[in-house]
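A.B. asks: need a 3D model of the sequence below.
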Amino acid sequence: MKQTSFAQAEFAAKKKTTRRERFLAEMEQVVPWSRLLDVLQPHYYPDSRLPTPDSRGKRGRPPTPLNRMLRMYFVQQWYALADEALEDAIYDSQALRNFVGVDLAVESVPDATTLLKFRHLLEERSLTKVIFEEINSYLGEKGMLMREGTIVDATIIAAPPSTKNRAKARDPEMHQTKKGNQWHFGMKMHIGVDDTLGLIHSIDTTAANVHDIVPTGKLLHGEEQRVFGDAGYLGIQKRDEHKHRKNVS
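C.D. replies: Next up is the predicted model:
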């Protein structure tokens, strides 16, 4: 059995349970951790418990366990933290250390560079989509996703418009669009949300100049009895792919 540190014992003895602790306890139960580890492990080190050989064939330090990196990644998304900010937050919070599985008495928190490399791995192999789909599948199996209604919406995610970079150019996948009286440069994230529980069940991304209506078909799972959208979706019933829908409002 692993010995409890003084910090952990002191933390466990406190009388108040914080909102962060309650949230993390809920996520411990809701997120299908074992299923995610099964699908991600083939893309991580074959056996993350063993040191990996370097370019000279010598054994280096053991890589951080996948379970810990995955939990750090989720915490980063939940609290919208930069890599360095996440590292600091785990050092500062016993609740986060318990959730991630770090005991400062015997080990350090994985640094920002380690997390950056892990995020790049997920992005390069499109594993974020795999994670999203696996969680939605699990929630559906447990009856935690209602499928009668969907709310569609879009939000602009800003990107640096400056050309003062190594390529001397803007990101070619980003474009500008006008919202109200203000111009924005970047991309759009389009989401489909369960209208009862507020859980996101579908996501699509486009350049910012793509109209909200265009990717709507990708946001609907097909079993809706009702679909809702704001003024940006006016006229959606006239598009060929939605003419059969009489419940779009």
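A.B. asks: assign a three-state SS to the residue most central in space within the chain, would you?
C.D. replies: Residue closest to the average C-alpha location in the chain (Cα atoms, centre = their mean): Gln77, at 5.2 Å. What DSSP: H, G, I helix; E, B strand; the rest coil gives for Gln77 is helix.
A.B. asks: let me see the contact set for it.
C.D. replies: If you count contacts by Cβ atoms under 8 Å, 6 or more residues apart in numbering, Gln77 has none. Every C-beta, even on glycine, is put in place using the N, C-alpha and C of the backbone.
A.B. asks: gap between it and Leu115?
C.D. replies: 12 Å (Cβ to Cβ, to the nearest Å).
A.B. asks: neighbours of Glu124, how many?
C.D. replies: Glu124 has 9 neighbours, counted by other Cβ atoms under 10 Å.
A.B. asks: for the longest strand along the chain, list the C-alpha coordinates in CSV.
C.D. replies: Using DSSP state E, we find that the single longest strand of the chain is strand 182-194. Output in CSV follows, covering the C-alpha atoms of strand 182-194 (Å, rounded to 0.1, in the frame of the first residue of the first chain):
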residue,chain,number,x,y,z
GLN,A,182,-16.5,44.4,-35.8
TRP,A,183,-14.2,42.3,-37.9
HIS,A,184,-12.7,39.1,-36.6
PHE,A,185,-10.0,36.9,-37.9
GLY,A,186,-9.8,33.2,-37.1
MET,A,187,-12.1,30.2,-37.2
LYS,A,188,-15.6,29.0,-36.1
MET,A,189,-16.5,26.2,-33.8
HIS,A,190,-19.9,24.8,-34.5
ILE,A,191,-21.6,22.6,-31.9
GLY,A,192,-24.7,20.5,-31.5
VAL,A,193,-26.0,20.5,-27.9
ASP,A,194,-28.6,18.3,-26.2
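A.B. asks: that one pairs with which strands, and in what direction?
C.D. replies: strand 149-158 (antiparallel), strand 175-179 (antiparallel), strand 200-207 (antiparallel) (DSSP bridges).
A.B. asks: for Thr216, find the nearest of these.
C.D. replies: strand 149-158 (5.6 Å; Cβ to Cβ).
A.B. asks: what residues of that closest one count as buried?
C.D. replies: Across strand 149-158, burial judged by 16 or more other Cβ atoms under 10 Å covers Gly149, Thr150, Ile151, Val152, Asp153, Ala154.
A.B. asks: chain center to that strand: distance?
C.D. replies: 16 Å (Cα atoms, centre = their mean, to the nearest Å).
A.B. asks: mind listing the helices for this protein?
C.D. replies: 6-13, 19-30, 33-40, 66-79, 83-92, 94-100, 112-124, 127-141, 216-219 (DSSP state H).
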